[in-house]
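**Student:** only the shape, not the letters, is given here:
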């Protein structure tokens, strides 16, 4: 291997999963699990990969191993394109890269003994057999803290932490150069975590191993990683050396993650950054920056444009418009812009005790949501009546659908106003929020006509013209709301 060439190179990795529905399994959408991920790992280096659940960390690891076929992108190991390998060539290449899976219950065959589980890679690749295989299995088990004499036991006879250590032993069996650790210590007790982490560090120094260490535990990642990549909704938003990332994070999402780490000092208070809202669906990611729906320093530009990944200083890559490496003192300028944006958002937020505050439910405090909430037995009786009416009378069903859409649109408009401090000029500006109300994201009523939306001062009005298509008809579905 060339001294200047990374051991693993990932360029523009994409993995989408088709979502199907109906008798003929028609494709109705895609889950964008990984959407343009690029990084590299050098020999003897550990790259940590962190982010919220569902951001695509595990999918990255599985796609690198070709357990999942990528939709696009390129993965190169020691100069060899893994996508170009045949099945036979891939089996031979996998001696150099192995994986420790997150769930040992599903990754260990319950019908095989530990000897067979750990020894199978050795037998398949013809590296050991007979007494030599028995001795090698015992040696590997001892390395991860399990007595070699237990090799004839089955996985169900071990605890969860012990099963995970068996998975680590299996990954080490072939003497790989790269190991993908997918939450490799999340199932272990703290004391056993330290034992396995120290083992991985010692093996890296002894054998020159490289790791892609996937974890949600930032303290663990900091302990083992040389560099850390932060993922959000299928993309890497920041990548930097470990101490640089912890000392001077740039991306607002990274800052929020680091602020959530508990401080082991009761006399010291940490400044917690609490993100509002939920992670958007990977089936309908928001336009522009994917973090803008939750970002405390969001700008108008963020809602329209996807920020490029820029290198702000040596090896420190950030995907955010706040970071401007062309500035003389870019870090001070970035901090200033962030403070100004956060202060502006606080100023736009409704003040406590205002005449019409917004709630997370999407309706003002002094205004009933649409449709009006009913209580007690009357609610149950009317709900049952509406269900029967919807089943028997098709036009009534469509009116019920329109009322549901009206309520959903109202909630999303209020949520938009809470996040941005103002209402959109058109429904299309709701972007990914439309997917929460309309299948496919098209704002049309059950009769196929476009919903009528109009801003009215600090409020808005919504209306559906109904089956006759005429404004002001008796079958209209409409509502007005303040913001």
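**Tutor:** Structure received. Keep in mind that what you see is a predicted model, and the values were worked out from it rather than measured.
**Student:** what ranges do the strands span in the stretch 151-300 of the chain?
**Tutor:** With DSSP state E, counting those that start in this stretch as the criterion, the stretch 151-300 of the chain has strands at 178-182, 210-214, 227-232, 235-241.
**Student:** give the buried residues for stretch 305-320.
**Tutor:** 307, 309, 310, 312, 316, 317, 318, 319, 320 (16 or more other CB atoms under 10 Å). From N, CA and C alone the C-beta is placed, and that goes for glycine too.
**Student:** who touches residue 97 in this structure?
**Tutor:** Applying CB atoms under 8 Å, 6 or more residues apart in numbering to residue 97 gives the contacts 8, 64, 65, 77, 176, 177, 178, 179, 180.
**Student:** check residue 315 too.
**Tutor:** Residues counted as contacts of residue 315 (CB under 8 Å, 6+ apart) are 227, 239, 240, 241.
**Student:** quick one: residue 88 and residue 257, what's the gap?
**Tutor:** Note on residue 88: its distance to residue 257, by CB to CB, to the nearest Å, is 42 Å.
**Student:** who has more neighbours, those two?
**Tutor:** residue 257 (22 against 8; other CB atoms under 10 Å).
**Student:** spit out the contact partners of that one.
**Tutor:** So residue 257 contacts 50, 51, 218, 230 (CB under 8 Å, 6+ apart).
**Student:** ok, of the contacts of residue 315, which come out buried?
**Tutor:** Applying 16+ other CB under 10 Å to those flags 227, 239, 240 as buried.
**Student:** ok, what's across the strand from the last one?
**Tutor:** Each beta-bridge partner of residue 240 is listed here, defined by DSSP bridges: residue 228.
**Student:** so it sits right up against residue 225, yeah?
**Tutor:** No: assessed by CB atoms under 8 Å, residue 240 is found out of contact with residue 225, at 10.7 Å.
**Student:** I'd like the contacts of residue 257 laid out as a markdown table, including distance to residue 123, neighbour count and pLDDT.
**Tutor:** Formatted as a markdown table, those follow (distance: CB to CB, whole Å; neighbours: other CB atoms under 10 Å; pLDDT from 0 to 100):
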| residue | distance to residue 123 | neighbour count | pLDDT |
| --- | --- | --- | --- |
| 50 | 36 | 24 | 95 |
| 51 | 37 | 25 | 90 |
| 218 | 39 | 19 | 87 |
| 230 | 40 | 26 | 96 |
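**Student:** from those residues, which is closest to residue 250?
**Tutor:** When the contacts of residue 257 are compared for distance to residue 250 (CB to CB), residue 230 wins out at 10.2 Å.
**Student:** now do the closest one against residue 10, distance only.
**Tutor:** Residue 230 is 15 Å from residue 10, by CB to CB.
**Student:** just for the chain, where's the confidence low?
**Tutor:** For the chain, applying pLDDT under 70 flags the ranges 1-3, 265-270, 327-330, 341-396, 419-420, 431-433, 435-436, 439-441, 468-476, 480-483.
**Student:** quick check: which element contains the spatially most central residue of it?
**Tutor:** The chain has residue 55 as the residue nearest its centroid, 1.2 Å off, counting by CA atoms, centre = their mean. Secondary-structure assignment from DSSP states H and E places residue 55 in no helical or strand segment.
**Student:** quick check: residue 285 touching residue 233?
**Tutor:** Yes: counting by CB under 8 Å, residue 285 touches residue 233, with 5.8 Å between them.
**Student:** now do the contacts for the residue nearest to the centre of the chain.
**Tutor:** By CB under 8 Å, 6+ apart, the neighbours of residue 55 are 231, 232, 233, 234, 279.
**Student:** burial measure for the last one, as a count.
**Tutor:** What that stands for is residue 279. 18.
**Student:** OK, contacts around it?
**Tutor:** Neighbour list for residue 279: 52, 54, 55, 232, 233, 294 [criterion: CB under 8 Å, 6+ apart].
**Student:** how about the second one?
**Tutor:** For residue 232, the residues meeting the contact criterion (CB under 8 Å, 6+ apart) are 51, 52, 55, 253, 279, 290, 291.
**Student:** how close does it get to residue 31?
**Tutor:** The gap separating residue 232 from residue 31 is 16 Å, by CB to CB.
**Student:** same thing with the third one?
**Tutor:** With distances taken as CB to CB, residue 233 is found 11 Å from residue 31.
**Student:** need the overlap of contacts for those two.
**Tutor:** Joint contacts of residue 233 and residue 31 (CB under 8 Å, 6+ apart) are residue 282.
**Student:** those two: who's more crowded?
**Tutor:** Counted by other CB under 10 Å, residue 233 and residue 31 do not tie: residue 233 has more neighbours, with 23 against 18.
**Student:** correct me if wrong: that one contacts residue 289.
**Tutor:** No: applying CB under 8 Å as the test, residue 233 and residue 289 come out as separate, 10.0 Å apart.
**Student:** coming back round to it: now for residue 285 and residue 233: what residues contact both?
**Tutor:** Residues touching both residue 285 and residue 233 (CB under 8 Å, 6+ apart) are 32, 35.
**Student:** where is the longest strand in the protein?
**Tutor:** If you go by DSSP state E, the chain has its longest strand at strand 26-41.
**Student:** by contact count, what packs against the very next helix or strand once past that one?
**Tutor:** Later in the chain than strand 26-41, the nearest helix or strand by DSSP H and E is strand 46-50. Here strand 46-50 touches helix 57-64, strand 210-214, helix 218-224, strand 227-232, going by 3 or more CB pairs under 8 Å, 6 or more residues apart in numbering; DSSP states H and E.
**Student:** give me that answer again for 7 Å
**Tutor:** Applying 3 or more CB pairs under 7 Å, 6 or more residues apart in numbering; DSSP states H and E, one finds that strand 46-50 makes contact with strand 210-214, helix 218-224, strand 227-232.
**Student:** in the biggest helix by length in the chain, what's buried?
**Tutor:** Taking DSSP state H as the assignment, the helix of the chain that covers the most residues is helix 394-420. Counting neighbours by 16+ other CB under 10 Å, one finds that the buried residues in helix 394-420 are 397-403, 405-420.
**Student:** hang on, the earlier thing: of the contacts of residue 97, buried ones?
**Tutor:** Neighbour-count burial within those applies to 8, 64, 65, 77, 176, 177, 178, 179, 180; the criterion is 16+ other CB under 10 Å.
**Student:** how about the contacts made by the first one?
**Tutor:** With contacts taken as CB atoms under 7 Å, 6 or more residues apart in numbering, residue 8 has the following neighbours: 40, 41, 77, 178.
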